[in-house]
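Visitor: the amino acid sequence is not available; the structure is as follows:
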């Protein structure tokens, strides 16, 4: 059967039944995005993803990028879908039409990305990085800088990157040594070496605009002395025409575990002393600029990892339905000649599928929800409501990046396991999805850094307000669920978990600002895990709260066997029953483990910090 | 610095201080394996592994196997180490010298494998599969069969494989369709297609002996009608010389996620009607023969996965000590210009390293312990003691395969994360170790099957005796640990966990034989996880019980800060302190999660089983 990507029914459920995105169209800014338009956008994205991008997933992986004499060529198969992607104006979905964008709400763009990334996210990194760079330009560029580049980037004619990492400055950005010297004409001469530059050089677009983090001569040490520059691959004349090549040389590309279709470049700036750039924003305020873009970038990386998980789930599900192997465990006992069955009948395969399903659904809701919060910040005039949504974005972003990519990797591993030996070979997509997914746990701030952000910045922000907002939202759903008989028990379990999360959060935040600070940070990642579990449980219960009355209407009974029987015959009933079951599974099979994780965090044992370095062995 | 593999100090600790392997030399069979000899063997294995095999890890991955016209060539770099491996008589370490073996205890062979597999386990699969096939021949072959092949195989002149899987018969072996027809001369003509055959065809040895599972015409359906045959690649004349090629054709090799250095072959038997084999053992008793070999094979697969984890840990540790990045979290607060430090100082990196360390140590002890049980079964005359050790082997084998490979994969993922972006690129070994490791969760019985074996067969075996033996062993260590002040708290925690494990085991076994059988099997894998956690905690506490008095002797104090100070100066003190810390970390940071896992199992929620198939979506 044809390979699909995200489950359209589930995407629609989150957009319309859970988040009611059409309500955004009440606001002037998004007036044209009524339900019909939203559905059309998602359908178009899905078609392009399945018909044109998905076929490049495997070829892109196998062919990879080629490097020769400073030039990089992308897999041949990428050119056609990129042209169509550009023509469809998909690069800058959320940005102003006058700059080449589509002006749509973030939440809808995420639904489109769900399909695009799921089809081939290594491919999507070319327009993805372009979009990120263009957003920096839009936020901090002068009119002249914007006029010269912004539309070209938002329409995908030119590419963009982010030149941050250096060999000795990865997570520690402040350690970077690339130097900028001001010239008489106001430009800067830039000298330095950058590594791990995604989409850093390629033949998909005629020019590439590199935002570069560098240090102006004499600037303070650390992050306080970092400035941001725009360095084009090909110099742009004042009339917008292309001039001569800038002194930016690709010295090599990395051989990687996955995302082979994307070029990960080492770039040498100013090797001949001729690399010129223009200041973007103010001197020494480069890090501030980066931070302003960070929430959005992290959400998109969460989306990348998630898309791999979502594809892996759908593949595993279809495989499990078609693959005949072994007998039904119960029938086998009474009849050794019982016929072989689809592996979806085997309890352990089902356990893995339901695990994948629950995480995929919970994470999809979380990601779209954060997108919706961003849209609400934009459309809301009420300052309190604006602040509330911003608070939720702040506290949920490290989870949407760190937790989601961690769990997506686990989901991809289940996706291999369901295929058995076939999951390990390149003929099937599962092993590639895991390889591609793995980098999302590392880049755009490692997941350890996400966990430190959650503990060190977000927990204490505004006197703990973001966390309180979050807990308040969860409690709203718990209250609704308690009113529904079949959900009451799960609501009680989530209530216990969110109460314990509050306790754990207070404890670890307090410990982090005590003399045992390091002990607390040794549990930053486990805390992010626990918080993420609670957030997923919340999202799943929320879904169930929506599904339960609709299911009752369709089935007319609370009885689980009647529900099951009806579900096998009615697609909508099946979907809603699936929502109840995901919530049930997560509340009863996962949340008890979350409770255990929180016990461990509350103990905040010091072994990690106190163990002598020599005792690690080696 | 030079890449190392397993931590020699830790290997020696398990062999001599924990398991006292020299006691085996009291028995005539192992008389020559005194401590000095054991150390010499491990040193030789380590040297060969580091100097000759390890350099082929990366080249083997990059070059892979080549398939052309039915011939397979292994990576060129494999030929030299294989010659040395053969000359060192490492193929059949535990077997009789008269057949070409070294006659050593299993536990010592595992220490050697720890190094060999850690150096390049794709390479090791050539002699590894040979060994497995030869063991079948030794156990079930006629004198003639043995005389013709066994020594050739045990000395590595000829290779061996295992032809089990077919396209429609993977986990469900009973579904296989390869047919054997008896000829007048007593040989059988065999026809069928086999897939996923590791080391199935290659140019490392002049002949390959394939044990083949097939169905004699008219045999009963399912596993009761399966027989085992010996099918050589090149026919062997009665005088032992090689005759003509048999009708066994390699039709292709798989492109895989990892273990590129090993050929995974599709083999066509009897395509020209000329594939001949001889019966191995009795007709229709092929599965029984396979089962007899299964414990050993599964232990060795556990060792393969583990070796990847062990290598990944040592690499991550060395990297974390050398990589300078970021500032000390505490110093940074008071001094923004504090110097950058090794990343091992960062709490989240340390957390990952201590997680890796604890699992690697616990799993090494477990694997060697099971090997030691096998040796004790061999040397013990006391039938009760023999039965006890056999019981422990039975219950620990699914854990040594299923749990160990699951956790090894997780350890390898941590090993990537510690490297950051460098963990994702092929220049460093970490991403390959994860790719190689992943298959160990699938082959030799998927980990789902291991979990079903633990729940469905091992829990109820002999009225629950194996589990009771296991619990008894754990309790012995708990009793000892309670006598040691610094371990008492961890002993209490393990005691609670092992009590809960007994309760959980009884509950799930009871449920498995009730009408809710499927619900129980939906928790088979979580139960294996919980049982594995308890076993690792036991092994770590056992290590700590040994280490504590030795540490006290060296330090003369219980005070943790004095212990730390001393440990930084004294290598032995550092090692023993590390044992205390691993036990502490696991008891306080992991066991609470295990308790939560058991809560979930005790609830045995039915969502996995009851969810309608249509409700999975898609």
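Guide: Yep, that arrived. This is a predicted model, so every value here is computed, not measured.
Visitor: pLDDT below threshold where in chain A?
Guide: Residue ranges of chain A with pLDDT under 70: A:1-3.
Visitor: at the geometric centre of it, which residue do we find?
Guide: Taking CA atoms, centre = their mean, the centroid of chain A lies closest to residue A:302, which sits 1.5 Å from it.
Visitor: isn't it right up against residue A:404?
Guide: Yes: contact criterion CB atoms under 8 Å: residue A:302 and residue A:404 qualify, at 4.2 Å. Using the backbone N, CA and C atoms, a C-beta is placed for each residue, glycine as well.
Visitor: shared neighbours of those two, anything?
Guide: A:363, A:367 (CB atoms under 8 Å, 6 or more residues apart in numbering or on different chains).
Visitor: return the residues in contact with the residue nearest to residue A:232 when sequence neighbours are not counted.
Guide: The shortest distance from residue A:232 to any non-neighbouring residue, by CB to CB, 6 or more residues apart in numbering or on different chains, is to residue A:209 (5.3 Å). By CB under 8 Å, 6+ apart, the contact list for residue A:209 reads A:133-134, A:137, A:149, A:153, A:158-161, A:230-233.
Visitor: is whichever strand or helix holds residue A:112 positioned near chain B?
Guide: Assigned by DSSP states H and E, residue A:112 belongs to helix A:106-140. No: judged by CB under 8 Å from any CB of the partner chain, helix A:106-140 and chain B are separated, with a smallest distance of 12.8 Å.
Visitor: tell me what the lengthiest strand in chain A is packed against?
Guide: In chain A, taking DSSP state E as the definition, the longest strand is strand A:188-198. Applying 3 or more CB pairs under 8 Å, 6 or more residues apart in numbering or on different chains; DSSP states H and E, we find strand A:188-198 packed against strand A:179-182, strand A:208-216, strand A:227-232, strand A:264-269, strand A:276-279.
Visitor: who does it pair up with?
Guide: Strand pairing for strand A:188-198, determined by DSSP bridges: strand A:179-182 (antiparallel), strand A:264-269 (antiparallel), strand A:276-279 (antiparallel).
Visitor: and those, which is most packed in?
Guide: Mean neighbours per residue, mean count of other CB atoms under 10 Å in any protein chain shown, is largest over the strands paired with strand A:188-198 for strand A:264-269, with a mean of 24.
Visitor: quick one: distance of it to the chain centre.
Guide: A distance of 25 Å separates the centroid of the chain from that of strand A:264-269, by CA atoms, centre = their mean, to the nearest Å.
Visitor: how about the helix or strand where residue A:537 lies: buried residues?
Guide: Taking DSSP H and E as the definition, residue A:537 sits inside helix A:524-555. By 16 or more other CB atoms under 10 Å in any protein chain shown, the buried positions in helix A:524-555 come out as A:524-548, A:551-552, A:554-555.
Visitor: so how far is that helix from its chain's centroid?
Guide: 19 Å.
Visitor: is that helix positioned near chain B?
Guide: Yes: interface with chain B: helix A:524-555 contributes A:524, A:525, A:526 (CB under 8 Å from any CB).
Visitor: repeat for stretch A:41-54
Guide: No: against chain B, stretch A:41-54 shows no contacts by CB under 8 Å from any CB, the least distance being 14.1 Å.
Visitor: in that stretch, what's buried?
Guide: Across stretch A:41-54, burial judged by 16+ other CB under 10 Å covers A:41, A:42, A:45, A:46, A:48, A:49, A:50, A:52, A:53, A:54.
Visitor: show the end-to-end separation of stretch A:240-259, please.
Guide: Start-to-end span of stretch A:240-259 (CA to CA, to the nearest Å) is 33 Å.
Visitor: quick one: the strands in chain A?
Guide: Listed in chain order, the strands of chain A (DSSP E) span residues A:66-68, A:71-73, A:159-160, A:179-182, A:188-198, A:208-216, A:227-232, A:234-236, A:242-245, A:248-253, A:264-269, A:276-279, A:324-327, A:340-342.
Visitor: care to break chain A down by domain?
Guide: Split into domains by automatic domain parsing, chain A comes to A:8-154, A:159-284, A:452-611.
Visitor: could I get those in JSON lines, plus columns for distance to residue B:245?
Guide: Formatted as JSON lines, these follow (distance: least, CB to CB, whole Å):
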{"stretch": "domain A:8-154", "distance to residue B:245": "33"}
{"stretch": "domain A:159-284", "distance to residue B:245": "39"}
{"stretch": "domain A:452-611", "distance to residue B:245": "54"}
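Visitor: in chain A, what residue is nearest chain B?
Guide: residue A:596 (2.5 Å; CB to the nearest CB).
Visitor: list the buried residues in the lengthiest helix in chain A.
Guide: For chain A, the helix that runs over the most residues, judged by DSSP state H, is helix A:286-322. Buried positions in helix A:286-322, judged by neighbour count with 16+ other CB under 10 Å: A:286-287, A:289-290, A:293, A:295-321.
Visitor: and it, what does it pack onto?
Guide: By 3+ CB pairs under 8 Å, 6+ apart, helix A:286-322 packs against helix A:106-140, strand A:208-216, strand A:227-232, strand A:340-342, helix A:347-379, helix A:383-398, helix A:404-419, helix A:430-438.
Visitor: tell me if the fourth one is near chain B.
Guide: Yes: Strand A:340-342 lies in contact with chain B when judged by CB under 8 Å from any CB; the contacting residues are residue A:340.
Visitor: parallel or antiparallel, which strands does that strand pair with?
Guide: In the sheet, strand A:340-342 lines up against strand A:324-327 (antiparallel) (DSSP bridges).
Visitor: and for the partner strand, what are the contacting residues?
Guide: By CB under 8 Å, 6+ apart, strand A:324-327 touches A:338-343, A:346, B:168-172, B:175.
Visitor: could you flag which of the residues you listed are buried?
Guide: Among these, those classed as buried by 16+ other CB under 10 Å are A:338, A:340, A:341, A:342, A:343, A:346, B:169, B:170, B:171, B:172, B:175.
Visitor: what pairs with the fourth one across the strands?
Guide: Under the criterion DSSP bridges, residue A:342 forms beta bridges with residue A:324.
Visitor: quick check: it touching residue A:323?
Guide: Yes: counting by CB under 8 Å, residue A:323 is a contact partner of residue A:342 at 6.4 Å.
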